[in-house]
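Trainee: got a structure for you, letters missing:
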């Protein structure tokens, strides 16, 4: 019967088994996505029993990728992307080169040809956007500075992979003998691809950011919730599809830019909320589809090769990324977060493997190794995020080098000697300069109240100082950053960052330095607000833009008393 209804049976089997095994995984204190992956293995073609339609599962997974990237775009502005370009662009390029080199090295030891080794290495170099987003969302870190770096890094990787997929056919021809025509074709393809991507980005930024918010406003005025949700989903899917067909951009990047332009609408928060259940459901199907590609026999037939692949993905490229982040003078915590974000592979790796096999470049067992590495790294990835904080504490306790990295000489990590004395006493220490932080800063400035910004984005700190605003660079959960912000003589500590993981530590360090300081915190929901109030014994506000206004009024009242 299921042969007549492959779409329904694939969805039913995928979601049903994902629920069962996801529940069991959580009860065993494992990430739920481990259960989703196992559900996919069970209904895949390499295990006995029911076999779902893998082609349909792959298309459903692609919809999940679109919706997830659209959701990220709704919270990610062009300014956010530009703010992390100095680390995301060189970081992604160098990390991909390092991982590709490691993959080529082991493939050469296995006796593979140069084209096969190159394609195999590239497939190990690019992380999965879907896996990263789920990890950041589960930790509430998607809107943090470290989260924006990781997302920007993967956007650069996705753009690079679009170019790789376009160039692979002529490169394969050149490597297999028809050098001159292939070389000419390759340079032509590079030019065409760059023009197409540039045209798409320009169209979205110049036209899309005006048309689509206006369209959402018109639909909202009708007053129908169904039409509003339909408009959002239709925009996400249709823009992603059009980007692929007309401009050669991937579905994921097309959906991401769709979200970015709809972010200009005042209803972007509602759009994100309305589509959340749909995004979650299709994200589950993505993990199920990954599990369906996995052949457990590869673990028995080629265990050493699988171990080598996992080692490159989880350790090799992550260490390379962490070292690069540190070389770019970013904090140790940022380096650990980015390295954990990249310690997996996913959708682009599968696409590249399939294309390489079609072109006759890769050996037959290459896809099995890549899928095995993907499944194992995806299952391990949430665990790596959980050990970031313990690992940082362990390194700081036992390693002088780690302590030097956390406290190294940085001209942006301390206020200039010429700072006006009014910013050094009785002022407000404002942690975070995102949407809420900017609103608070504007209101403080309008009231003539002094404040010092503590922000992890070094480029943003440079800009603030250029505009005459007192600011220090660093993680405010570290005592040296609060010391440089002169929290010991501050009147209030206002924590406006969306990352609530370090709030308790910030509050503890601030009260050690200034027992009488009053603390004001932002939160995302009522449950989190109650927990923060109990932990930091301060005033907690819930929401975003309306929260900013409420926080501003409260801070101004406290400063005037």
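Mentor: Yep, it's here. All values derive from a computational prediction rather than experimental measurement.

Trainee: where along the stretch 51-200 of the chain do the helices fall?
Mentor: 54-74, 78-83, 85-109, 114-125, 129-138, 145-175, 179-203 (DSSP state H, counting those that start in this stretch).

Trainee: Just list what the fifth one packs against, helices and strands only.
Mentor: Just to be clear, that refers to helix 129-138. helix 54-74, helix 145-175, helix 268-292, helix 332-341, helix 366-386 (3 or more C-beta pairs under 8 Å, 6 or more residues apart in numbering; DSSP states H and E). Using the backbone N, CA and C atoms, a C-beta is placed for each residue, glycine as well.

Trainee: In CSV, list the helices of the stretch 51-200 of the chain along with mean pLDDT and distance to residue 244.
Mentor: Shown next, in CSV, are the helices of the stretch 51-200 of the chain (pLDDT from 0 to 100; distance: least, C-beta to C-beta, whole Å):
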stretch, mean pLDDT, distance to residue 244
helix 54-74, 82, 10
helix 78-83, 72, 20
helix 85-109, 91, 21
helix 114-125, 90, 20
helix 129-138, 79, 15
helix 145-175, 78, 10
helix 179-203, 71, 10
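
Trainee: Quote the end-to-end distance of stretch 471-484.
Mentor: 9 Å (C-alpha to C-alpha, to the nearest Å).

Trainee: what about it, average pLDDT?
Mentor: For stretch 471-484, mean pLDDT is 81.

Trainee: What are the contacting residues of that stretch?
Mentor: Outside stretch 471-484, the residues within contact range by C-beta atoms under 8 Å, 6 or more residues apart in numbering are 331, 333-334, 406-407, 410, 412-415, 429, 431, 433, 452-458, 460-461, 464-465, 485, 493, 495, 497, 502, 505-506, 509-510, 512-513.

Trainee: Also stretch 272-288?
Mentor: Counting by C-beta under 8 Å, 6+ apart, 11, 14-15, 17-18, 22, 33, 36-37, 39-40, 43, 57, 60-61, 63-65, 67-68, 70-71, 74-75, 130, 134, 225, 228-229, 232-233, 236, 347, 378 sit against stretch 272-288.

Trainee: and the gap between residue 232 and residue 281?
Mentor: Distance from residue 232 to residue 281, counting by C-beta to C-beta, to the nearest Å: 15 Å.

Trainee: typed the wrong thing, it's residue 420
Mentor: 54 Å.

Trainee: who has more neighbours, those two?
Mentor: Taking other C-beta atoms under 10 Å, residue 420 and residue 281 do not tie; residue 281 has more neighbours (17 against 10).

Trainee: Near residue 488, how many other residues are there?
Mentor: What residue 488 shows, counting by other C-beta under 10 Å, is a neighbour count of 15.

Trainee: How about the contacts made by the residue lying closest to it once chain neighbours are set aside?
Mentor: Spatial nearest neighbour of residue 488, chain neighbours left out: residue 513 (4.5 Å); criterion: C-beta to C-beta, 6 or more residues apart in numbering. Contact partners of residue 513, counting by C-beta under 8 Å, 6+ apart, are 479, 482-483, 487-488.

Trainee: Spatially nearest residue to residue 246, not counting backbone neighbours?
Mentor: Residue 246's closest residue in space is residue 200 (C-beta to C-beta, 6+ apart), at 7.7 Å.

Trainee: which residues of the stretch 401-550 of the chain fall in strands?
Mentor: 428-431, 451-455, 471-473, 492-495, 518-523, 539-542 (DSSP state E, counting those that start in this stretch).

Trainee: Redo those strands as a markdown table? Include distance to residue 124 and mean neighbour count.
Mentor: Output for these, formatted as a markdown table (distance: least, C-beta to C-beta, whole Å; neighbours: other C-beta atoms under 10 Å):
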| stretch | distance to residue 124 | mean neighbour count |
| --- | --- | --- |
| strand 428-431 | 38 | 28 |
| strand 451-455 | 34 | 25 |
| strand 471-473 | 33 | 25 |
| strand 492-495 | 39 | 28 |
| strand 518-523 | 39 | 23 |
| strand 539-542 | 42 | 20 |
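
Trainee: Out of those, which gets nearest to residue 383?
Mentor: strand 518-523 (26.4 Å; C-beta to C-beta).

Trainee: name the helices or strands packed onto the closest one?
Mentor: Here strand 518-523 touches strand 492-495, helix 503-513, helix 526-536, strand 539-542, helix 545-560, going by 3+ C-beta pairs under 8 Å, 6+ apart.

Trainee: between the helices of the stretch 51-200 of the chain, which one is nearest to residue 555?
Mentor: Taking the helices of the stretch 51-200 of the chain one by one with C-beta to C-beta, helix 145-175 is closest: 21.9 Å.

Trainee: can you give me how far the helix or strand harbouring residue 394 is from the chain middle?
Mentor: Assigned by DSSP states H and E, residue 394 falls within helix 388-398. Averaging C-alpha positions (C-alpha atoms, centre = their mean, to the nearest Å) puts helix 388-398 23 Å from its chain's average.

Trainee: What residues sit buried inside it?
Mentor: Residues of helix 388-398 classed as buried: 388, 391-392, 395-396 (neighbour count, 16 or more other C-beta atoms under 10 Å).

Trainee: hang on, the earlier thing: can you tell which of the strands of the stretch 401-550 of the chain is closest to residue 215?
Mentor: For the strands of the stretch 401-550 of the chain, the distance to residue 215 is smallest for strand 539-542, at 30.4 Å, taking C-beta to C-beta.

Trainee: what's the domain layout of the protein?
Mentor: With domains defined by automatic domain parsing, the chain comprises 61-397, 411-560.

Trainee: Including distance to residue 26, could those go into TSV?
Mentor: As requested, the domains of the chain are exported to TSV (distance: least, C-beta to C-beta, whole Å):
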stretch	distance to residue 26
domain 61-397	11
domain 411-560	18
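
Trainee: out of those, which comes closest to residue 53?
Mentor: Nearest of the domains of the chain (C-beta to C-beta): domain 61-397, 9.4 Å.

Trainee: Report the contact partners of residue 189.
Mentor: Applying C-beta under 8 Å, 6+ apart to residue 189 gives the contacts 166-167, 170.

Trainee: if we can go back for a sec, can I get the helices and strands packed on helix 129-138 in TSV with distance to residue 446?
Mentor: Converted to TSV, the helices and strands packed on helix 129-138 look like this (distance: least, C-beta to C-beta, whole Å):
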stretch	distance to residue 446
helix 54-74	29
helix 145-175	25
helix 268-292	25
helix 332-341	32
helix 366-386	39
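
Trainee: Nearest to residue 86, out of those helices?
Mentor: helix 145-175 (10.1 Å).

Trainee: now the contacts of residue 513: which count as buried?
Mentor: Looks like the contacts of residue 513 have 479, 482, 487 buried, using 16+ other C-beta under 10 Å.

Trainee: Quick check, pLDDT for the last one.
Mentor: So the one you mean is residue 487. On the pLDDT scale, residue 487 is placed at 86.

Trainee: just checking, it touches residue 510?
Mentor: Yes: if you go by C-beta atoms under 8 Å, residue 487 and residue 510 touch, sitting 5.2 Å apart.

Trainee: which residues do the two both contact?
Mentor: Common neighbours of residue 487 and residue 510 (C-beta under 8 Å, 6+ apart) are 429, 493, 517.

Trainee: Find the least confident helix or strand in the chain, judged by mean pLDDT.
Mentor: Here the helix or strand of the chain ranked lowest by mean pLDDT, DSSP states H and E is helix 400-407, holding a mean of 64.

Trainee: one step back: for the residue nearest to residue 246, what are its contacts?
Mentor: Taking C-beta under 8 Å, 6+ apart, one finds 243, 246-247, 249, 254, 257 in contact with residue 200.

Trainee: Which strands or helices does the strand or helix carrying residue 9 pack on?
Mentor: Taking DSSP H and E as the definition, one finds residue 9 inside helix 6-27. Contact here means 3+ C-beta pairs under 8 Å, 6+ apart; on that basis helix 6-27 packs against helix 32-42, helix 54-74, helix 268-292.
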